[in-house]
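Novice: mind folding the following:
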Amino acid sequence: MTWSAENDGPDERILNVRRRDRRFARNAYYFALEALDFTLVQYGKDKLTGEERHVGAAELMVGIRDYAADQFGPMAAFVFRQWGVRSGEDFGEIVFNLIDAGLLSRRAEDSRLDFANEGMDFELEFEQKFRQRLTDISTPV
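Specialist: Sure thing, here's the model as predicted:
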């Protein structure tokens, strides 16, 4: 997935997406775009152009997980739940809504199923990453 430029700004396009599909909070869409930027930098693709800049579902899911951990810490899974995001498939839906809105582009072989095949369990991922921190903050002093 890569950014795409059109006449309407992202705010208008995301508003239009949410008029058609209310499953996910507005912030989930903005987060997905920010996570893509984060992922491009992580994989060193931010300076590339065209097909070389493409980020696949597996790369993006790792970027989403890592960016969420950076941004929200132990609250990442809670934030995702508040946005209506429960799985990698949900981020696949968000990404393809952004593609349909003209905010991202895709390769012909990209599919929503790519996100389903990743099978990332955010609850488990974030619990494992932050287990000690959660124990520390939940233990009475």
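Novice: next one: residue 64 from residue 55, what distance?
Specialist: 11 Å (C-beta to C-beta, to the nearest Å). (C-beta placed from N, C-alpha, C; glycine too.)
Novice: more neighbours, the two?
Specialist: Remark: of residue 64 and residue 55, residue 64 carries more neighbours, 29 against 22, as counted by other C-beta atoms under 10 Å.
Novice: list the contacts of the more buried one.
Specialist: By C-beta atoms under 8 Å, 6 or more residues apart in numbering, the contact set of residue 64 is 31, 32, 35, 39, 91.
Novice: tell me the secondary structure for the second one?
Specialist: Secondary structure for residue 32, judged by DSSP: H, G, I helix; E, B strand; the rest coil, is helix.
Novice: quick revisit: who touches both of residue 64 and residue 55?
Specialist: Joint contacts of residue 64 and residue 55 (C-beta under 8 Å, 6+ apart) are residue 39.
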